[in-house]
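Enquirer: what's the 3D shape of this:
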Amino acid sequence: MTTRPKACFAIAAICCLHAVGASAATISLGSYIVLAPDVFVVPVTISGGVNVAAWQFDLSYDPLDVQVDTACDPFSGNPYCSLLTGPVTEGDFFASGAPFNLLNPGFVDLDPVTFAQTGHLFGVNGAFGGFPPWPSGDGTLAFVQFTILGDGSSVITVDGSVETAVPEPSTLALFTTALLLPAARRLRPRSRRS
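Expert: Below you'll find the predicted structure:
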């Protein structure tokens, strides 16, 4: 194999590894974990995941009843509060990719005048940092810690999506071409010069 087909093969293989597509997996909320009378944690779970490469979600809540616990103390021994990501921590679904996974804790939407929470945590996302195979099945993507201001009975909702590691048709075509190119060159008759 010459250098050029090797390079084409390597590029096609890399493209196949990084191709992502939509998934039919479901992101939902698990059973709340009570840490104290006024503090609880919401697990954000995935079910039916297949070759999950990345995920994202937003949470909506009643800010007069509960709020994201942005004042959580990572030095108190609380496993649901992190020095780097605050009240949003990684679940076990991407455990095989640790410590190279990416977790973006998102943003708590604040009123521009009062700086009070408006009831929206948006842009929380994660990406798998390990090598294939990508995680599949059910598990916990992340945990979000809340404090209770009212009676804590309001509904928290999640809206999320999952990206899977599957080759797209164009990537698959590139990969197949890279595999077949060396074989086609060997089959082509060569002309001799006199």
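Enquirer: show me where this protein has helices.
Expert: Assigned by DSSP state H, the chain shows helices spanning 3-18, 169-187.
Enquirer: where does the protein have low pLDDT?
Expert: For the chain, the stretches flagged by pLDDT under 70 are 1-23, 166-194.
Enquirer: the domain parsing of it - what is it?
Expert: 1-19+167-186, 20-166 (automatic domain parsing).
Enquirer: Quick check: which of these is buried the most?
Expert: domain 20-166 (a mean of 17; mean count of other C-beta atoms under 10 Å). (Glycine included, C-beta is placed from N, CA and C.)
Enquirer: who's in contact with Phe146?
Expert: 39-42, 61, 66-69, 87, 156 (C-beta atoms under 8 Å, 6 or more residues apart in numbering).
Enquirer: From Cys72, how far off is it?
Expert: 10 Å (C-beta to C-beta, to the nearest Å).
Enquirer: Quick check: neighbours shared by the two?
Expert: Common neighbours of Phe146 and Cys72 (C-beta under 8 Å, 6+ apart) are Pro87.
Enquirer: show me where this protein has strands.
Expert: Per DSSP state E, the chain carries strands over the ranges 21-22, 26-29, 33-36, 39-49, 52-60, 66-68, 88-90, 102-104, 107-110, 117-127, 137-148, 157-164.
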